[in-house]
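how would this look folded up:
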Amino acid sequence: MKSVLALMFVGVVSFPFLTGGLKDPLNPLSHKQVKPLDAYMTKTFSFESTTSDQAFNTESLLSNIKDYVEIPDGGTPWDVFGETEQTPYSYEDEDGMEWNGVRPGFSDSLKALEGKEILVQGYMFPLGQEEKQDLFLFGPFPVSCPYHYHVTPNLIIEAHAKTPIAFSYDAVNIRGRLELVPKDDEYNVFYRLNDAELIK
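Presented below is the predicted three-dimensional model:
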């Protein structure tokens, strides 16, 4: 009986991911408020967190980044992205569904990088099942869960590759043109790295 319940739970959890729904508030590609899975998982961020909670979470994450990535020569440190403020918002659509998310408040140092080519070391979070990814999430920590990237939204970059990049579990150096996204209520993306390419 327990194994049947476990399989049912896995099916329920994986269905939105496999169908492209991605409707979990912990997922940076979703902002719809559903019953959170954090009853079963350790969470690092919730859109219902207070501003002070978010600041604590980001500070805690930033202090651990050095254990996972280095700053490549001429590279941009993740601390610059961590300076982005996260302001919670919510609204109700015409169907009566409540939606929650966060919007960014960019620092002057990050605004100075917009439109420029930057180099960042981090880990890929694939959004498809292909070996090579032309669209993926990029952050300072390795993937620990196939369904969620458990970091705050201000530490996630949406990367658009110039040519598809082979997925790697190891930290990689990615270079691309930074685009700041002041409002993306559909996916809550803060940054895009356009024409991204792997740098050996």
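
any idea how far the residue nearest the centre of the chain is from L113?
Taking CA atoms, centre = their mean, the centroid of the chain lies closest to I156, which sits 3.6 Å from it. Separation of I156 from L113 (CB to CB, to the nearest Å): 16 Å. Every C-beta, even on glycine, is put in place using the N, C-alpha and C of the backbone.

near the nearest residue to L180 once chain neighbours are set aside, how many other residues are there?
Leaving aside its chain neighbours, L180 sits nearest to E114 (4.8 Å; criterion: CB to CB, 6 or more residues apart in numbering). Here the number of neighbours of E114 (other CB atoms under 10 Å) works out to 13.

also K200?
Number of residues near K200 (other CB under 10 Å) recorded here: 4.

separation between it and R175?
The spacing between K200 and R175, counted by CB to CB, is 11 Å.

the helices in this protein, which residues?
Listed in chain order, the helices of the chain (DSSP state H) span residues 2-18, 51-64, 78-82, 108-111.

let me see the contact set for the closest residue to S109 other than its chain neighbours.
Setting aside the residues directly before and after it, S109 is nearest to V80 in space (CB to CB, 6+ apart), at 5.7 Å. With contacts defined as CB atoms under 8 Å, 6 or more residues apart in numbering, V80 is in contact with 107, 109-110, 113.

I'd like to know which of those are buried.
By the neighbour-count criterion of 16 or more other CB atoms under 10 Å, these include these buried positions: 110, 113.

for N194, state which of the contacts of V80 is nearest.
For N194, the nearest member of these is L113. The distance, counting by CB to CB, is 13.0 Å.

so that closest one is in contact with R177, correct?
No: with the criterion set as CB atoms under 8 Å, L113 and R177 do not qualify as a contacting pair; they are 9.8 Å apart.

helices and strands of this structure: which one bottoms out on pLDDT?
When each helix and strand of the chain is scored by mean pLDDT, DSSP states H and E, helix 2-18 comes last, with a mean of 38.

ok, now how distant is A112 from D134?
When CB to CB is the yardstick, A112 and D134 sit 28 Å from each other.
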